[in-house]
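Engineer: Let me see the structure of the following:
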Amino acid sequence: MNPFQQHINQLNTTHDFSDLYRYSSDGNINWAYYYYMLFRKIPLELAFNYLQIDKNTFLPKLIETFGDDLIRITNEHFVDDDDHKTKISGFVYVLNNEILLNAEHSLRVYHAADTDQSILDKITQLVLDNLWKDADPIDKIFILNTRPHTGYYFDDFDIKYKPLDLQTNYNDDLLPVDTVITDRLSKEKDKGLVILYGKPGTGKTSYIRHLIHHIKKRKLFIPPSLAQHIADPQFISLLNSYQDSILIIEDAENIIQQRHAQSSSAISNLLNLTDGLLSDCFNIQIICTFNSDISGIDKALLRKGRLIAKYEFKELNAVKAQALSNLLGYTTTINTAMTIADVYNQNDLEPVEDRKSIGF
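Structural biologist: Predicted coordinates for the structure are as follows:
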């Protein structure tokens, strides 16, 4: 056991570690304070907040590169639901040249002011060589999330694909618009905005699921609760790691309405991302969906050159609704237009408290 390992063991045996939590604002261990306990120096920080690092390839390479100079403090693991294999979820290691590496959602490297820059460069290169690679982004979305101190990040989730016949489930005027949308969103390093709107139950979400499956690009999903955050500089920095992707913003009413004090920053970023300086940097295409009338949205979003397509999802006309109803096995006679949700759920005549919702 080398002297530095002995130092760590003695510290971990004798110190009251309540201070590691006392000086933390989010209830987690404050590894910067642990660094101070080890080296009695205020650490500088090199943070890789916006890169998706494959910890299962990065950590073995880190150990291989630094060998006996690297000492493990803690490792965290989980069992993957897909392949049932144990994988690394986080780790903390210390280099005896006054470097501490903490990997949770992001990698943070704490170091001294006089740390050899070549060591930091070597760690940076290991990060760049072990970024997560998506073998196939079809049927997967990346959902925006945020944590105190670590900022914004994307969690990836698989989407179960359900085949959807557009001819059967939608009015005929969707088909030519779908061709335009699919062709443009499939184009590499493109930009632009798709606007999908209409009353609830008319099939917007089902159509989004259909697009997710048929377009071979990474899809980024912004929950309604975080939609306003697209105006934050940190979010724009995060997009730098997700260039040539599709950004999906559902229930986007609050950020696309005519500019006022609360929405002007978000709209400005939308305009910039779809046909401005940021669009040239990131090549991001955006899909916005909402339930309100299109007359209330900012007119700049509809400008030619920015707008890829807009489509209003309406109730199925009576002929379409009847044909779909027959296909689903119902015997109902339909004489008026109906939403796709009403056609699929004809047995649910009245809302009930424990009704399972079906997204359309």
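Engineer: Test for you: state the pLDDT assigned to Asn317.
Structural biologist: For Asn317, the pLDDT comes out at 95.
Engineer: Revised request: answer the last question for Ile340.
Structural biologist: 94.
Engineer: residue contacts, the nearest residue to it once chain neighbours are set aside?
Structural biologist: The shortest distance from Ile340 to any non-neighbouring residue, by C-beta to C-beta, 6 or more residues apart in numbering, is to Gly203 (4.5 Å). Bear in mind the C-beta positions are built from the backbone N, C-alpha and C, glycine included. Going by C-beta atoms under 8 Å, 6 or more residues apart in numbering, Gly203 touches Asn169, Tyr170, Phe313, Thr339, Ile340, Ala341, Phe360.
Engineer: could you list every residue that touches the second one?
Structural biologist: Spelled out, it's Tyr170. Gly203, Tyr207, Phe313, Leu316, Lys320, Ile340.
Engineer: got those as a markdown table, with secondary structure and distance to Ile63 columns?
Structural biologist: Formatted as a markdown table, the contacts of Tyr170 follow (DSSP: H, G, I helix; E, B strand; the rest coil; distance: C-beta to C-beta, whole Å):
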| residue | secondary structure | distance to Ile63 |
| --- | --- | --- |
| Gly203 | coil | 51 |
| Tyr207 | helix | 47 |
| Phe313 | strand | 53 |
| Leu316 | strand | 60 |
| Lys320 | helix | 61 |
| Ile340 | helix | 54 |
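Engineer: among the residues you listed, which two are most distant?
Structural biologist: Tyr207 and Lys320 (15.0 Å; C-beta to C-beta).
Engineer: mind listing the strands in the stretch 51-200 of the chain by residue range?
Structural biologist: 70-79, 86-95, 99-103, 107-111, 140-147, 151-158, 192-198 (DSSP state E, counting those that start in this stretch).
Engineer: Now mean pLDDT too, for the ones you listed, in CSV please.
Structural biologist: Compiled in CSV, those are given as follows (pLDDT from 0 to 100):
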stretch, mean pLDDT
strand 70-79, 88
strand 86-95, 91
strand 99-103, 94
strand 107-111, 94
strand 140-147, 87
strand 151-158, 84
strand 192-198, 93
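Engineer: Kindly reformat those strands as TSV containing mean neighbour count and distance to Leu44.
Structural biologist: TSV is the format used below for the strands of the stretch 51-200 of the chain (neighbours: other C-beta atoms under 10 Å; distance: least, C-beta to C-beta, whole Å):
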stretch	mean neighbour count	distance to Leu44
strand 70-79	13	19
strand 86-95	17	14
strand 99-103	23	10
strand 107-111	23	6
strand 140-147	17	22
strand 151-158	16	18
strand 192-198	22	41
